[in-house]
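Participant: need a structure here:
(one chain, ligands or ions: 1)
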Amino acid sequence: MSSSSLTFCAYPGGRLAGTLRVPGDKSISHRSIMFGALADGETTVEGFLTGEDCLCTMKAFQMMGVRIERTGETSLRIRGAGLHGLKSPDGPLDLGNSGTSMRLMAGLLSGQTFTGTLVGDASLSRRPMKRIIAPLEQMGARIESNDGKAPLNILPHRKLHAISYRSPVASAQIKSGILLAGLYADGKTEVFEPEASRDHTERMLRAFGVRVEARPGYAALEGGQPLRATHVRVPADISSAAFFMVGAAIVPGSEIVLSEVGVNPTRTGIIDVLRAMGADIELLNPRQFGDEPVADIRVRGRGLTGVKIGKELVAAAIDEFPIIFIAAAFAKGETVVEGAEELRVKESDRIQSMCDGLRALGVSAIALPDGMRVAGGRMRGGTVDARGDHRIAMSFAIAALRAEQPITILDCANVNTSFPGFAALARRAGLDLRVRG
Ligand code: S3P
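Facilitator: From the prediction side, this is the model:
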């Protein structure tokens, strides 16, 4: 899909300013397609993220016979097929780089009466799928895999039955995959988690008229409930806003406002971490987009201090650690992250990718099995490899604001999976960023 040849060159010396609207939330955009496709009636979506990951989800449902029209730049109309209306696709469903698509769709396809094959790119084909296959098999699903990895062949089901599942990891992807299969199961499907993962599935299913029991660390639903079409308004993605939040926080004199950002409490770990580091962050104009809380986030630059981040903060900041490590590199003193072993199985091994990159730029960093130690201070410039991981690429681009020399970042094409237009928006905000290739 993406060519790996895209290179970013980011130059020091900028200061971030202005009001920015980053693109729509990736997690919510995926779910809007999936639930809209399963609903009775016509769902409309505004603020949809047109990144490659969500476009893969959209294409997969189109291949299963769902009519989805782009009615504007970021708006969609989805003609729902109903819970039992999906059609057998003509070929494999290619989910590109997207773990969310694969794990949620594994659950959803387990409830269908046709075979579905899920494939992905090299990164997705390396990521662990046993974590979703095992509970789905307990429900009666039949799934063939390449030793617990993609491609996944999901065979027609006999009859799924509800389970009560204690997940060993806090993962919204696992929880949501099981709940989606639970819609097709007899009885009440329950998921318990060791920490609360993001709860967009629970909130959005309710908006689609499904009765869901939910509290932090627990979610449950009865099978057989129909979804009723609705309107979904997608907030700006806090995981994309995080790059600019840190960019502003590390450069004294910066001041930015990020508008319409989703501030669901299962996602705001980045705000807690940056505040603990001494950042000046204010949430303005709090409001709701449907069931999701939203605010404008103002960040003013001032010096940061190193912190210790433990397990309890990990789930709510899981996608923000690459940029948190950049904040740590410019903080006074040491930052220690622990309990974040999940970072090793993201789009790349984010502990290793970030540690290698920081060290290549002269920062003293030590990888731990479940996190990292970073000694804050100076950063030289140099060349780092993003390893095809969108969040690694964007993190090192932002780091250049405070580096002593330019930073060249290799293998950046996958930035388009979650943040189309990143380079242009970053330039508008004040980062001198050039794209080659
Ligand atoms: C996501 C859940 C998270 C996150 C991913 C999106 C989701 O993964 O890393 O980017 O939309 O459910 P895990 O829940 O597996 O940690």
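Participant: quick check, stretch 392-403 touching the ligand?
Facilitator: No. No part of stretch 392-403 sits near the ligand under the criterion C-beta under 6 Å from any ligand atom; the closest distance found is 13.5 Å. For every residue, glycine as well, the C-beta is placed using N, CA and C.
Participant: for that stretch, which positions count as buried?
Facilitator: Using 16 or more other C-beta atoms under 10 Å as the test for burial, stretch 392-403 gives 392-403.
Participant: and what of stretch 124-134?
Facilitator: So, applying 16+ other C-beta under 10 Å, buried residues of stretch 124-134: 124, 127, 129, 131-133.
Participant: those residues in helices, which ones?
Facilitator: 124, 131-133 (DSSP state H).
Participant: could you list the contact residues of the stretch 251-400 of the chain toward the ligand?
Facilitator: Counting by C-beta under 6 Å from any ligand atom, the residues of the stretch 251-400 of the chain close to the ligand are 318-319, 342.
Participant: looking at the residues you listed, which are in strands?
Facilitator: Of these, none are assigned to strands by DSSP state E.
Participant: quick one, grab the pLDDT at residue 5.
Facilitator: You'll see residue 5 listed with a pLDDT of 84.
Participant: with the one 5 residues further on instead?
Facilitator: Reported pLDDT at residue 10 in the predicted model: 98.
Participant: tell me who's in contact with the closest residue to it other than its chain neighbours.
Facilitator: Excluding its sequence neighbours, the residue lying closest to residue 10 (C-beta to C-beta, 6 or more residues apart in numbering) is residue 400, at 3.3 Å. By C-beta atoms under 8 Å, 6 or more residues apart in numbering, the residues touching residue 400 are 10-12, 14, 381, 406-407, 431-433.
Participant: so which residues of the stretch 1-150 of the chain form helices?
Facilitator: Using DSSP state H, counting those that start in this stretch, the helices of the stretch 1-150 of the chain run over 26-38, 52-63, 99-110, 122-126, 130-138.
Participant: next, the angle helix 99-110 makes with the longest one.
Facilitator: Helix 26-38 runs at 20 degrees relative to helix 99-110, counting by axes from the mean of the first three to the mean of the last three C-alpha atoms, to 10 degrees.
Participant: ok, helix 26-38 near the ligand or not?
Facilitator: Yes. Helix 26-38 lies within reach of the ligand by C-beta under 6 Å from any ligand atom, at residue 27.
Participant: ok, residue 176 to residue 284 distance?
Facilitator: Distance check for residue 176 against residue 284: by C-beta to C-beta, to the nearest Å, it reads 31 Å.
Participant: more neighbours, the two?
Facilitator: Neighbours around residue 176 and residue 284, counted as other C-beta atoms under 10 Å, are more numerous at residue 176. The numbers are 30 against 10.
Participant: what comes up buried for stretch 303-312?
Facilitator: Residues of stretch 303-312 classed as buried: 304, 306-307, 309, 311 (neighbour count, 16+ other C-beta under 10 Å).
Participant: dump stretch 60-73 to CSV, keeping only the CA atoms.
Facilitator: C-alpha atoms of stretch 60-73 as CSV (Å, rounded to 0.1, in the frame of the first residue of the first chain):
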residue,chain,number,x,y,z
ALA,A,60,-13.7,-4.2,3.6
PHE,A,61,-17.4,-3.5,4.4
GLN,A,62,-18.0,-2.3,0.8
MET,A,63,-16.7,-5.7,-0.3
MET,A,64,-19.3,-7.3,2.0
GLY,A,65,-22.0,-5.5,0.1
VAL,A,66,-22.5,-2.4,2.3
ARG,A,67,-23.2,0.8,0.5
ILE,A,68,-21.0,3.6,1.8
GLU,A,69,-20.8,6.9,0.1
ARG,A,70,-18.5,9.8,0.7
THR,A,71,-20.8,12.8,0.9
GLY,A,72,-18.1,15.3,1.6
GLU,A,73,-14.4,15.6,2.5
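Participant: contacts for that stretch, please.
Facilitator: Outside stretch 60-73, the residues that touch it by C-beta under 8 Å, 6+ apart are 33-34, 36-37, 44, 46, 50, 58, 76-81, 85-91, 93-95, 101, 105, 116.
Participant: just the mean pLDDT for that stretch, thanks.
Facilitator: If you average the pLDDT over stretch 60-73, you get 98.
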